[in-house]
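J.: Got a predicted structure plus its sequence, pasted below:
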Amino acid sequence: MILRHLEFLVALAQEKHFARAAVVCGVTQSTLSAGIKQMEESLGVLLVERGQRFMGLTLEGEKVLEWAKHVIADYEGLQQSLSEMRAGLTGCLKVGAIPVTLPVISLLTTPFAKLHPHTHTVIRSLTSMEIQRGIDELSLDVGMTYLDNEPLARVRRLQLYMEHYVFLTRESQATQNRRTIPWAEAANYPLCLLTTDMQNRRIIDTHFHEAGAEVNAAIETNSLITLWSHLKFGQWSTVVPNSFLSLIGKVEGLVALPLVEPDASHAVGLVASDRNPLAPMTRALFDLAKQADIRQEMLRRIADPPADS
């Protein structure tokens with residue numbers, strides 16, 4: 001049994017189809033099938049339920065799959081460590097980020113890319129539950145998510161900033177000379193909000209309920225771009241984290257009012273598997289995020305959004 005055979009099993013479990021798994025692995029279907037068969041003979045157990053098509057893994061196959069993911073991840077970590085000793089980090093950093101962190105994640109990934117020019121980074125927009133699954137299954141190296149609301153399990157954490165909430169709406173007589181707006185009052189506006197499967201929306205709903213208000217969003221989306229489109233081109237209002245302003249800046253015709261009563265905030269940061277040793281790519285991103293200048297720049301961008309061009 002060799003490492004390549006473990007990769008065959010992981011690909012088959014992901015694709016649930018022999019031909020597609022073979023394409024992912026860059027081999028023929030017969031090579032993939034033979035590799036898995038050889039692994040079954042080596043371990044003395046049946047790993048795959050066989051039929052006219054892929055039927056799933058056996059109980060023993062599921063256990064081997066769990067170990068296979070750890071072995072592959074450890075081997076990749078070993079490769080990264082040896083590469084780092086020779087000529088610096090190489091490889092792929094796989095990051096999962098909840099959508100509301102995407103406006104500021106470049107403040108980490110851009111300096112990371114400059115510091116480690118032989119690496120490349122893949123960032124996926126995911127829910128917090130998908131980040132948990134990715135870290136557990138070792139398909140993600142790092143997540144960027146909430147730390148204190150619905151916290152993830154079996155992870156190490158590094159706080160980056162505290163998220164506060166603002167109400168974005170059209171300028172009107174009702175918003176003139178206003179510095180803040182209560183959650184209960186904001187609930188009366190026509191709202192476009194994120195969908196309820198997004199953790200940010202569940203946080204927002206909680207604070208509306210704390211204010212004794214019911215949320216009736218006429219439009220819901222899981223996309224910040226769609227949210228922004230409705231806000232900019234329609235008569236809609238929304239609630240977003242203050243970090244969102246670092247991306248859109250100050251826009252003519254719109255007003256951003258901090259939400260009060262209650263004053264709400266939540267911790268946002270990085271998470272990674274609590275396994276040891278920490279993979280070199282993951283360790284390098286955590287080390288970068290701990291640097292004072294990086295943290296200060298992130299806090300400055302969030303606190304002082306740029307003017308709209």
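T.: Arrived safely.
J.: Would you report the backbone torsion angles of Ser223?
T.: phi -120, psi 130 (degrees, to the nearest 10).
J.: how much space between it and Arg124?
T.: The spacing between Ser223 and Arg124, counted by CB to CB, to the nearest Å, is 14 Å. Quick note: C-beta positions are derived from backbone N, CA and C, even for glycine.
J.: And for Thr196?
T.: In this structure, Thr196 lies at 21 Å from Arg124, with CB to CB as the measure.
J.: and if you look at Ala284?
T.: According to CB to CB, Ala284 and Arg124 sit 19 Å apart.
J.: show me where pLDDT drops low in the stretch 1-150 of the chain?
T.: For the stretch 1-150 of the chain, residues meeting the criterion pLDDT under 70 lie at 1, 85.
J.: Tell me the buried residues in stretch 191-204?
T.: Buried residues in stretch 191-204, counting neighbours by 16 or more other CB atoms under 10 Å, are found at Leu191, Cys192, Leu193, Leu194, Met198, Gln199, Asn200, Arg201, Ile203, Ile204.
J.: Give me the mean pLDDT for it.
T.: For stretch 191-204, the mean pLDDT works out to 94.
J.: All the strands of the protein, residue numbers only.
T.: Assigned by DSSP state E, the strands in the chain fall at 91-97, 119-125, 142-146, 155-170, 181-182, 191-194, 217-221, 238-241, 254-260, 265-273.
J.: ok, now how distant is Leu254 from Asn177?
T.: Distance, Leu254 to Asn177, by CB to CB: 16 Å.
J.: which of the two has more neighbours?
T.: Leu254 (16 against 5; other CB atoms under 10 Å).
J.: Val166 is in contact with the more buried one, correct?
T.: No - the pair Leu254 / Val166 is not scored as a contact, 10.7 Å apart, by CB atoms under 8 Å.
J.: Show me what the longest helix seen in the chain is packed up against.
T.: Taking DSSP state H as the assignment, the helix of the chain that covers the most residues is helix 59-87. In terms of contact count using 3 or more CB pairs under 8 Å, 6 or more residues apart in numbering; DSSP states H and E, helix 59-87 is assigned the packing partners helix 3-15, helix 29-43, strand 91-97, helix 280-289.
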